[in-house]
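Q: return atomic coordinates for the entry below.
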Amino acid sequence: MSQFKKDLVADFLGTVRKYMQIRGPMTQRELAEATDTGVSTMSRFLNQQTQELNPNLIANITAKLNMPLYEIIDFVDEGYVDEFERLVKFYKGEEATQTSQMRRRADDPPAGESGDAIFEALKEGGSQVRTQANVRVGRKNTKLVYEPEGDSDDVLKQKVKNLSLKQQGFLNEFLNLDSDGRDLVADVGRNIIAYLKHKGIDF
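A: Numbers count the residues shown, from 1 in each chain. I've put the predicted structure just below:
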């Protein structure tokens, strides 16, 4: 079974170099020392001069640079996601879980936000909140009540938990924008969705 997608090695290494700058900046030698790897081995790997992709080395680099897993999810083969997550947590010194954070969990933090934090931020928007109003029609007062389907907290939390890690990462970045930024993203997204529906494009 393949563990990584070899055609995406360059993308993964680009992410590694980005986080070497963010966490340091770090040199190849410093990254080699941090991962207890030979300098020549690290150099060959970073310059794509190795035939095989060593999962222990890749997990160790991911852990030591504290790279968000959602940024490299495309590089990891789907059938290897759980094992890779356990390796990364091992090198971080954390207890591995049986359920994959990268595919099914929203309660571990992508880019500094937990799934519950994202849920709370979304809940504040009020899109799933019970609403009522008194309306006078002629001489009669009528109370109108809008009830969201099911329990609003449970519905919204389940929707957040069903997001992929990549989608959670986007949602986290969206929520960290200021109000004008969120409005801009919402307007652009609405136009894209309308265009795709109009063209009958289904991804």
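Q: how about the strands in the chain?
A: Using DSSP state E, the strands of the chain run over 131-137, 140-146.
Q: list the helices and strands the top helix by length along the chain packs on?
A: As assigned by DSSP state H, the longest helix anywhere in the chain is helix 179-199. Here helix 179-199 touches helix 165-175, going by 3 or more CB pairs under 8 Å, 6 or more residues apart in numbering; DSSP states H and E. In this view, the C-beta of every residue, glycine as well, is placed from N, C-alpha and C.
Q: quick one: the helices in this protein?
A: With DSSP H as the criterion, the chain has helices at 9-22, 28-34, 39-46, 55-64, 81-92, 101-104, 115-123, 152-161, 165-175, 179-199.
Q: what packs against the fourth one?
A: The helices and strands touching helix 55-64, judged by 3+ CB pairs under 8 Å, 6+ apart, are helix 28-34, helix 81-92.
Q: show me the contact partners of it.
A: Helix 55-64 is touched from outside by 3-4, 12, 16, 31, 34-37, 41, 45, 67, 69, 72, 80, 83-84, 87-92, with contacts defined as CB atoms under 8 Å, 6 or more residues apart in numbering.
Q: just the buried residues of the residues you listed.
A: 3-4, 12, 16, 31, 34-35, 37, 45, 67, 69, 72, 80, 83-84, 87-89, 91 (16 or more other CB atoms under 10 Å).
Q: any weak-confidence spans in the chain?
A: For the chain, the stretches flagged by pLDDT under 70 are 1, 95-153, 201-203.
Q: now do the contacts for Tyr80.
A: Tyr80 is in contact with 1-4, 55, counting by CB under 8 Å, 6+ apart.
Q: please tell me how far Leu8 sits from Ile58.
A: With distances taken as CB to CB, to the nearest Å, Leu8 is found 12 Å from Ile58.
Q: sorry, that was for Gly79
A: Distance of Gly79 to Ile58, computed by CB to CB: 16 Å.
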